Structures are given as C-alpha cells and as structure tokens.
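J.: prediction below, plus the sequence it came from.
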Amino acid sequence: MSLNTKYLFLLLLTLNVACQQRRSVGDIPIDDFFKLQDKMAYRVSPDGLNISYFKLEGDRLNLYVEAIASGKSKMITRMEDKSILFYFWVSNNELIYYKESDVASHRSDIFIIGKDGKQERQLSKDDTSRLRILEDQLIDGRYLLVSSNQRDSTVFDVYRLNVRNGEMEMAAKNPGNITEWRTDAEGKLRLAVSTDGGNSTLLYRASEHEPFQPVMTNTFNTTFTPIAFQPGSPNIIYAISNVNRDKAALVEVDCHTGKELKVLFGSDTLNVTDATYSRKKSRLSFAVYETWKKEKHFLDESVRQIYEVLDSLLPKTETRILDRDQAENVFVVRTFTDRNPGSYYLYYADQRKLKKLRDFNPAIHEEEMCEMKPASFPSRDGLTIHGYLTLPNGISPEGLPVVVLPHDGPVDRTLWGYNAEVQFLANRGYAVFQVNYRGSSGYGKKFAAAGYKQWGCKIQHDIIDGVKWLIDQDIADPKRIGIYGSGFGGNVALNGACQNKGTFVCAASNSGIINLFTYLKSIPPYSKSTLQMYYEIIGDPLADADQMRWASPLFQADKINIPVFLAQNTKDQNTSAAEHLQLIRNLKKREMNVTYLEHDGISYPSKNQESRRKFYAALEQFLEVNLKNR
Amino acid sequence: MISEKITGYRKNFLLIITFIILMSVLFVLSLFLAYNFSKKFIENEFVSEKVNVLERSIKPYNDFFQKKLPEVSYYNGYLDSTTASNFVDTLLLEYPFVSKVIFYDSEVRNTPVSDGLNTGRFSFGPKDIYQFGSLVPLDSVKLFSRDDTRRFIVGDDFNALALKLASYIESLDTSRVPSQDELFSNFSNVRSNKITYLNIPRIEDIKMYKKMLRSTLTPQPVYQQDMLSFHLDPYKIKIINTRPKLYQYIKIEPLTYDPIDTTATYLSTEITLPGPFSDFKLYFMSSKSFVDKEIRNYFLPIAMGILVFYAIVVLVAFLIYRNLNINQKMFKLQYDFVNNLTHEFKTPVSVIKIAGNNIKSATMLTDKELLLYGKILDEEADKLNGLMNKLLAFTQIENKAIVLNRDEIYIEDFIESTVESHKLKHPDFEFTYEVSGFTTFVTDPVLLGSLFDNLAENAYKYSPAERKRLHISARLIKGKVVFRFTDQGIGIPSSEINNIFKKFFRIQNQYNQNGSVGLGLAFCKELVNFMKGEISVRSRENKGTEFKIVLPYND
C-alpha cells in the first residue's frame, strides 16, 4: 500500500517535472514581450549631422543628441520625476520637447532646448491653458506656430510664439468652433476645419488678410483630410476624401468651388488613409492605403527608388521612414513584421548604406514568434468581416483554445504588425482571433456606419459569427473559447459574457467600458463639440437608453454566468472604479467566479512595467485555469 | 457452606436490583431534564429566531437598497421619463413594497431657478417631476414641469436632499477623493417609509459644483441630475416564516402595537424593521399549545436517545446477571465434586480405619481373620489407588501431559479381557459383543481400556438390577473404527444430554448416590479427543443409552 503510494507520488513528480520542462522551453517570460527599449524615438536634425533619441535610465527618460560623424552623445535634459513625452527638431540646433506635468488630465509643459542642452526655456505659460504646436519648423528663425486655449479654455486660437522671448502674438482668432489649422508652403494659415459637433466645415482663405470662407461641410462619418496645397495653384489642395464615395481616395479639390477636380489615387476597393507630401520637392511622395496591411502607392519615382533600395537592403520586412533631414539624404528608418517588433536604422541615400541603430526589443526572436494571418468570414446579414488569426507555433491548428481579441474603440481597427499582447497569448498556446467588427475604421464609410449604435447588438453578432467560422474551420475547440479586450474591446468581451449562449467559457476585460452612459459623461467639457458625434456612434443617452442599457454590462450583471476577469486602471477617465466595484459586488452576490485587479495603467511602454507584469501574469493564470485547462 | 452460598447469591441479586433502580431513577431524571431543556430551548428559539425571519424577509429590501438604488447612478443623469418609467416598472414588479416612485428630472445650474434650491451661484431645481406607481392614474403621471408649475409644489423630499447636497458640496475637501460610502450617504436620504436617492455624479463634476457655488462659470454649465423618491409600504413586505412550526402568526405592526389580552394563552415577541421601515416591527405570536407541540417535537428524539441508552444499560445488567448465574452453577458443580470425592475417599479410609482398629483391639487373630483383614486392606488400598490414578490421569490428559502409546491389539481379545474383568466384579452383568471388518487395531491399549472400563462401569451403574446388559459392537466403517456401547439402562433425559460430557456433572438420581464423582464421561471425552476421535450419545429414557466412539483406524 505505502509502496504503491510512493510510486504514485514518484510518477506524479516525474510528470510534474516533465510538464515544467515543457513549459520552460516554450513559455517566454512576460517581461520579454513587453521589454522596454532603452533607446527610442530616433530623429535626425534638419542638417543631417546629429541624431537624437530618448534614453531610458532607471524609470526616467532623457533626451540625447549624438553627432553622427563622431558618435559622441550628450544627455541634454535632466528629468527628475516627470517623464518626457515627445520631441522634435525645430532647427539645426534646437529641439522642442513635451514634459508630462499632469498625468490625469494629459497636460504637459513644452520646452525649447539647444542641442548642447543649453538655453532651455519653457514655452507653455501656466498650468491652466494648453499649448499645441501646429508646425514643427521655425519661421524666420524664431517664430513657432502654436494653438493655445489661454483666452478661453474651450477654444484654441493660433499664435505666433517667439521662442526667443516667449511672446505670443495672435495669428488667428478662433470664432469658437475651429478645431484644426493648416498652413501653406510659406507657413501662412490658409486652411481650417471647424466643427459644430456632428458636421465639420473646411474653411479657406486666399491670404492671411482675408476672412475664412466655408468650402464644404461634411458629416462626421465623412473623411476629408487636407494634405497640402498644390504647388503653384493657391486654391487647389490635395486631400484624402471619401466625400460621395465609400472608400477614401487621394484627390485634388478646388477651394473656391469645393469641387473635386481629380482623383490622384483611389478605387472602389482600396481605402486610402494617408499621403505624404515633400516640402522640399514640392510634390506628393506616396499615398498609403490599407488592405489587410498598410501599403504604399508611389507618386514620386525618386521616393519609390528609395524604398526599393531599402527593400533590397532589408528583405522580407516592412519599412517606414520616420524622419529625414532637410536634404532628404539621411533617413531614420524602422522595420517591422508581424513576428518582429523591428529595428531602427539610419540610411544614407547617397551612399545607399544602412546603419543599424537599435532593436526595438532584442529579447524577441523572430523564429519564436507566431504568424499573424488575415482572415475573413461572412456575417449573418451578408457583410464580409475581416480579422486576423494568430496560431501558436508548433501545435497543429486543430481544436485549439481560442482567445477572441476585439480591439478598443469606439472607432478603431486592428492592423497587421507586431503586437506584443497577441504574441504573448499565442506563445501560451492560444489561437488569437482579432476581429475588425462592423464600425471599425479602414473598411469604408458604410462599414463604419453599420456599427453605429450596434454595441451589444450587431457588433456582438459579428464576434459570434467569427467564432462560428473558426469552429467550422476545425481550428477552435468549441469548449475552449474565451474573449478578452481593453476599453471598448472590454465592453465587447463582457457583453459576450452577458449574452453568452455557450460560446464563451470565460471573459476578461481591462478597463472595459462597462457603462456607456458613464463613457459619454467622460467626454471632457472642451470637447463638447464631439458629443453629438459620440451620440451617433454609441447612442443618445435619452433616445437610445434601452439599447445603451442593454450594451452596458454593469446593467446586465445578472446575466453573466461564466468566470470573468476584470482589471481596472484606477487612473482611467473613461471608466469608473466605483462602477467596477459595484459590478463585482453584484457578481459576487451571485457567487460568480470573479478575478479583480486594480493597476495604474499598462499601456505606456516607458513606465508601468511592474503593473503590466502583474496584469499579464494574472491574465495568464486566469486563462490557464478557466480556458486552457478546462 | 450452603447458607454462605445462598447469601452470596442474594447479595448479587440485590446489587443488580439496586443498579436497575438507580438506572431507572436516572432515566426518569434525565427524561425530566431533557424535557425541561427542550422547553427552555424552544422558548429561547422563539425569541432568537426572529432575527432570521427578519433577515430573510428584509432581504429583498437589502437587494433593492444595495443593487437597485445605485443603478440610478449608472444612468449618470441621463434618465428621462420613459427610461425612468421602465426602470420603475421592473422595480414595482420585483419589489412589491415599493408603492410609488417620484422622479425629479433635475438640473444643476449656475443661474438661479424659481423652483428648487439656490445657494450662492449654485442652483438645483427640477425640470419635470413625474410619479410612477401601480395605482397612479395615467393623467397624473406628470406632476410638474417648468411650463406648468401649478400642479405641484416642489416637495419636502426634494428640498431635504437638495439641502444635504448643497451642504456637502460646501464642505467638500477637493484635495482628496471621497469614498463611495461617503458619497452614498450624502446623495441619499432615508426617512420613514421613504428613500430619496440622487445619482452620484463623477468626482470631476462634484468639484465643478463646488466652483459653481462661488463663481459664475463661462460658458454656463448645466449638469443633469436624477432624483428618485421611493415611497415604501411596509405592509407589502413579504414575510418569510423560516420556522413555521415555531411561529404561528407573524405580522407587521406599528412600533406602538401592544395587545393586552394575549399574554395568558399566547407567547409573543417582536423585532424592529430596519432603515425606512423603522416605525414598524415584526410581531411574532404563537399559542402556548402550538409552542408545546414544537417542544414535544424537539423533546421526542432526545427521549428516544435516552431510552435507547437505558435499554442498552439494562441489557448489559442482564448479561452480567446471567454470567454470574452460570458461574454460580459452576461453583456448585465443583463443590459437589469435592463433596463426592471426599465421600469416595471416606468409604475405603473408614473401612481401613475399622480394619486397623479391629486388628489393634483384637488380642489374637485367627488365620481366617488375618486373611480377611489382609484382603480388605488390600482391596480398599486398591480402591484408593484407583481413585487417585483416575484423578491423576484425568488431570494429565486434560493438560496433555501424557504421551500416546501405539500398540497393535487384537480387538476381540481386548473386548474379551474387558468383559472378563467386569464379569469378575459384577457376576450379574450380561455382555454380548460383535466385531466385523477388522481384527487388529493400532492404538494406546491403556487409554482404550480405560475408555472401555468407564463406559462399562456406567452401563452397569445406570441400569436397573434386572436389565444389567451391555452390547459392544466394533466395526470398520469408511476407514474408521466405530465402537458402540448399547445398554438397556435408565437412559438420559433429553434435557441433560448436552451436559453429560461436562466435568463434575451428574444427573441427580438414585443410581449415583455414592461412588460417583461426575468425572467418568468427561474423562471419556477427554480420552477420545486425545486419541483424535469422536464420542457421541443417543439415549431414550428408561429404554437405554448408546455411546458411539469413532476412532481413526491405522493399519
């Protein structure tokens, strides 16, 4: 008897060791996925002689400038407790950087500093108003075009800021509803976009002495993004537009008439999202369009050549040019794929030479990462829903546990590329299924509009249809499907739990929107103009109260019957910790399996490493118990 | 000796009687105590169980208070009459004690309002007031609107909570985050049969309210606040009687309710309802006979337990008594044995004594007399010797102290010699015998002889004078030697047949008044066992007895 027990124990011990061994080979530590870069945000000075970057020391970021020729670097900022957020060169010798001053309200102070770290000066005045920089080039060597709400906290006027003495001179007064300003090649303010909530109006003036005239008015679900003025014709602009078409195209528009003159690039199936204009060459470089990944359509042969050379130097990887010098000879290039977060390179166009600066995350080995493949399936009402499927390496793709990962919102999409969270889950043996449910951006106006006010309804159907498709493909184990999302993704995940008819076995949410009413309340006062738009997308709290209640898991706690994981960022403005606690209380009262975790944010790469590790460890454990080993 | 024995016996009996009596007293006492305990316990239960009844009955209210009230806040001020009406409808259905809900669709503003509360530059007033409830007629749902102020005065409920809100905001410390409990207590008002609740705005909004107290902000902000006043009816609380066998009636009564005439025949107790129902109490009443039934229900299993325990104790006493009795009998047997043995020894000893005396007192002895006394002395000494040998052999066999000899005997010769010796002793003893199946037999001749002697002696002894006959048969059956000793004696009564092989056992009758120690058959059984055989008996009273001995046959 005791001998038998001893053998059984030994057997168990061996099994245990075997399991652990298998784990230790396959499971990459959480920290490796989310490892911080120690040098990041590379930029090159306009004269192409210096590069600059953030360097992480301890938990502090500082700005460094390095002479390319000599390789000598110098720390130019001295951060004590607050973080540096963003910076750019304004001249050959000066940089501007943003220093975070109030995390809760996303407020920051703006400084100008010499490349040697001297002559530092704070540009933003006080802590009540906000300053935004409109153009990253100095005008006449001293003026910077900025917008500020110092006159009225709800309205941003445009000022010419003298960076030498800090004086601000109003360049344009905002009548109250202008939210965007654009300059022409000479830096003159000649375009603006105003909004009255739902609709936005493009305003144009021929010169700064004239008043702005409305050119066209579009509803919020129509995209019209001015790119640049056409060189030579002061009234013609390049713009990304989906006016009168479903998918956006790169077009020329006459600002006198508001008429579209020409389609430069676009078709019924391609959605153009961006275009790049070169001030130096005075011509459009390329248009960016999205299919299952971002692609370029070149409009300038010399730009195409640069990218072709880059492609031949860096095969089988995506390349993006992040920054360039004025002469367009020195480029900061980054690479990435779905399995590789990529690296920074410095590229010299004249020598056709690459110099590697830094890996984004040297802990990630491409061959250990999993491939992110596009997938699409028909919805029950005949739409084609696109998404991505990442299958774990080394396991045959049959009967896998699946984590459905709906993206945040309300208007957003999942794009192809390296995603640490997805790779983390796939490494733990889950098939990760990301669905660009209706309402996602990038698939045209109609598809976006199809998702309006469909939270908890058709959006939920799309997710379920996707899961059904995945089961039909024999990839998913129908008894092991979980759902996890952040923000609106969390809303989708928890609604999945509320409306669950056996599809999901567990649901996890990180700072999920559990109450749409509270989300609407969180829209800050100075963005009241966008409130109407949110009413359209999410729901009118008065007219659509029933639908909003249905789509708010807080109201539907009685319907949740599967284990749930709720994480809450205590600093999140969009959700309320009190409501999360109320939801948990209601679930606990019904003796449901609830895991709750409070953290102070997991998304900023430069900080929150500890809370990020805690969060993902808790998520891993939750999924392992309630999904994988079910 | 006999009197001692009897008193000893009586003493035991007395002890047992005393024990039984004491146990019975204990039994009755414990029953009595158990009943008293049950009574006290049930009476205590009657007082203490009311907490459970209260807890269960008030659970829907707690649910309402903890789950449904905060739901008003979920709407963040976006409630309108339709949504509020839907909300109230589900509420009325689920919580019957909610009789009516008044909904104040209100606004917080920076400009004074005519209806509502103005303090500093902070103003708080209703836009519309609605009432919902199952008994509210459709045309009086809307009580107030800014355009039509005639029909309703902004009531006490609104003002009370508005004042509470204003004073809270006035004293708010904006440097710290208020706790949820603090917010809840400042945004709700619990009064008799009424709960008023105001949705808790976001912390940022509360801070803004504080600013609005002192200064006029531009642009002038307007915040939506929903106030709901729930009218509650305590009589609609569903009483859940968790102990229907304990509480006959449970009623909800005003706090002052106190009937006079019930104390004689009824037990009663009460407990105050919590929160907005605190003017009312649960009143519990049971008639005494009703409670008595519950006491009995409680007492019965305890009584059964005591009874079972008592039964076991009595059973044990009986078993002890029985064992004592058996021991007593054993004692008597041994006593008889000693008695008999003494007697057996006494006869030859007294004969020897007389012979010795005669020889001593005689002046001279004739040869004939000498021969006679010599023979007497020799015979009596032999008798004594025989008796002692028997006793010794028995003890030895019983203790397995002797070794079995193995000699081959001719069975006919063996029986002949036995018959011869007994014929010599008792000339009136008639023998017949038969042998079949075998002629020789390997065994211990001394032991077998002893066996034969004893059985023959018994046959002679327990036969009436005219029927002193014995038939011995020896047969080989299935590889075993079977001897049968059949006499025509007095037989053995069937009631005694099981005892005859016991030590010191003798059947009391005229045949064994002297010269028997009750060892004979016990000795025979020991012998047979020692020889690895079996002995059994068949007998009919006054007809005769047959002893059957089965011995292993070894050739």
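T.: Done, it's in. Residues are numbered from 1 along each chain as shown, chains lettered A, B, ... in the order given.
J.: I'd assumed A:T276 was in a strand, is it?
T.: Yes: judged by DSSP: H, G, I helix; E, B strand; the rest coil, A:T276 forms part of a strand.
J.: now do the same contact list for it.
T.: By CB atoms under 8 Å, 6 or more residues apart in numbering or on different chains, A:T276 lies in contact with A:L284, A:S285, A:F286, A:A287, A:V288, A:V303. In this view, the C-beta of every residue, glycine as well, is placed from N, C-alpha and C.
J.: let's see 7 Å
T.: A:S285, A:F286 (CB atoms under 7 Å, 6 or more residues apart in numbering or on different chains).
J.: roughly how far apart are it and chain B?
T.: 39 Å (CB to the nearest CB, to the nearest Å).
J.: please name the bridge partners of that residue.
T.: A:F286 (DSSP bridges).
J.: and what of B:I549?
T.: B:F483, B:I535.
J.: would you check that it makes contact with B:F483?
T.: Yes: the criterion here is CB atoms under 7 Å, and B:I549 meets it with B:F483 at 4.4 Å.
J.: residue of chain A closest to chain B, please.
T.: A:P541 (3.4 Å; CB to the nearest CB).
J.: go ahead and confirm that residue touches B:G77.
T.: No: at 8.5 Å, A:P541 does not count as touching B:G77 under the criterion of CB under 7 Å.
J.: and the residue in chain B that chain A sits nearest to, what does it touch?
T.: Evaluated by CB to the nearest CB, chain B has B:Y78 as its residue closest to chain A, separated by 3.4 Å. Residues near B:Y78 by CB under 7 Å, 6+ apart: A:F517, A:P541, A:L542, A:A545, B:Q224.
J.: which residues of the stretch 401-550 of chain A score low on pLDDT?
T.: Within the stretch 401-550 of chain A, the segments meeting pLDDT under 70 span A:524-529.
J.: now do the helices in it.
T.: Per DSSP state H, counting those that start in this stretch, the stretch 401-550 of chain A carries helices over the ranges A:420-427, A:445-450, A:458-472, A:488-498, A:516-521, A:531-537, A:545-550.
J.: pick the most buried one from those.
T.: Most buried of the helices of the stretch 401-550 of chain A, by mean neighbour count (mean count of other CB atoms under 10 Å in any protein chain shown): helix A:488-498, with a mean of 28.
J.: is it in proximity to chain B?
T.: No: counting by CB under 7 Å from any CB of the partner chain, chain B is not contacted by helix A:488-498; separation bottoms out at 14.1 Å.
J.: could you say what helices and strands that helix packs with?
T.: Here helix A:488-498 touches helix A:458-472, strand A:476-486, strand A:506-510, going by 3 or more CB pairs under 7 Å, 6 or more residues apart in numbering or on different chains; DSSP states H and E.
J.: now do that helix: everything it contacts.
T.: With CB under 7 Å, 6+ apart, helix A:488-498 has contacts from A:405-410, A:455-456, A:459-460, A:463, A:483-485, A:504, A:507-514, A:551, A:553, A:556, A:559-560, A:562, A:564.
J.: ok, now with 8 Å
T.: A:404-410, A:412, A:437, A:455-456, A:459-460, A:463-464, A:483-485, A:503-504, A:507-514, A:516, A:551-553, A:556-557, A:559-562, A:564.
J.: hey, C-alpha coordinates of that helix in PDB?
T.: The C-alpha trace of helix A:488-498 is given here as PDB (Å, rounded to 0.1, in the frame of the first residue of the first chain):
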ATOM      1  CA  PHE A 488     -14.400  49.100 -25.900                       C
ATOM      2  CA  GLY A 489     -12.900  45.700 -26.500                       C
ATOM      3  CA  GLY A 490     -13.600  45.000 -22.900                       C
ATOM      4  CA  ASN A 491     -17.200  46.100 -23.500                       C
ATOM      5  CA  VAL A 492     -17.400  43.600 -26.300                       C
ATOM      6  CA  ALA A 493     -15.900  40.900 -24.200                       C
ATOM      7  CA  LEU A 494     -18.200  41.500 -21.200                       C
ATOM      8  CA  ASN A 495     -21.200  41.800 -23.500                       C
ATOM      9  CA  GLY A 496     -20.100  38.400 -24.800                       C
ATOM     10  CA  ALA A 497     -20.300  37.100 -21.300                       C
ATOM     11  CA  CYS A 498     -23.700  38.700 -20.700                       C
END
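J.: nearest residue to the residue of chain A closest to chain B in space, please, no chain neighbours.
T.: B:Y78 (3.4 Å; CB to CB, 6 or more residues apart in numbering or on different chains).
J.: same check, this time on A:L63
T.: A:T77 is the one closest to A:L63 (CB to CB, 6+ apart), at 4.5 Å.
J.: export the helices and strands packed on helix A:488-498 to JSON lines and tack on distance to B:N241?
T.: Shown next, in JSON lines, are those (distance: least, CB to CB, whole Å):
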{"stretch": "helix A:458-472", "distance to B:N241": "44"}
{"stretch": "strand A:476-486", "distance to B:N241": "44"}
{"stretch": "strand A:506-510", "distance to B:N241": "40"}
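J.: with distance to chain B as added columns, please give these in TSV.
T.: Below are the helices and strands packed on helix A:488-498 laid out as TSV (distance: least, CB to the nearest CB, whole Å):
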stretch	distance to chain B
helix A:458-472	20
strand A:476-486	21
strand A:506-510	17
